[in-house]
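1. Fold the following for me, if possible:
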Amino acid sequence: MEPRKNTQRRPQKILILFFYWNIFIYQLVILFSLHFFLILRS
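-> Numbers count the residues shown, from 1 in each chain. The predicted structure follows:
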């Protein structure tokens, strides 16, 4: 029972890390695109 709980916990942690990593990349992309857009307009 204990090893199964451990294997169930690991995918959850990986999913949470993946979720936060996606948000981080998404914010970076938005910041870069906004910056690029401002540079192009000026």
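2. for the helix or strand hosting Leu28, packing partners?
-> Assessed by DSSP states H and E, Leu28 sits inside helix 2-41. Applying 3 or more CB pairs under 8 Å, 6 or more residues apart in numbering; DSSP states H and E, one finds that helix 2-41 contacts no other helix or strand. No exception for glycine: its C-beta is placed from N, CA and C like everyone else's.
3. What's the mean pLDDT across it?
-> For helix 2-41, mean pLDDT is 87.
4. buried set for it?
-> Neighbour-count burial for helix 2-41, counted by 16 or more other CB atoms under 10 Å, picks out no residue.
5. Return the distance of that helix from the chain's centre.
-> Distance of helix 2-41 from the chain centroid (CA atoms, centre = their mean, to the nearest Å) equals 0 Å.
6. and if you look at stretch 28-42?
-> The answer for stretch 28-42 is 20 Å, by CA atoms, centre = their mean.
7. Against Leu31, how distant is Phe24?
-> 11 Å (CB to CB, to the nearest Å).
8. next one: Ile23
-> 13 Å.
9. Same check on Lys13?
-> 27 Å.
10. ok, now Arg41?
-> 16 Å.
11. now swap in Phe18 and tell me
-> 20 Å.
12. Same check on Leu15?
-> Counting by CB to CB, the gap from Leu15 to Leu31 is 25 Å.
13. same check, this time on Phe37
-> 11 Å.
14. Also Tyr20?
-> For Tyr20, the distance to Leu31 (CB to CB) stands at 17 Å.
15. now Asn22
-> With CB to CB as the criterion, Asn22 and Leu31 are 15 Å apart.
16. show me what contacts Phe19?
-> Phe19 makes contact with no residue, according to CB atoms under 8 Å, 6 or more residues apart in numbering.
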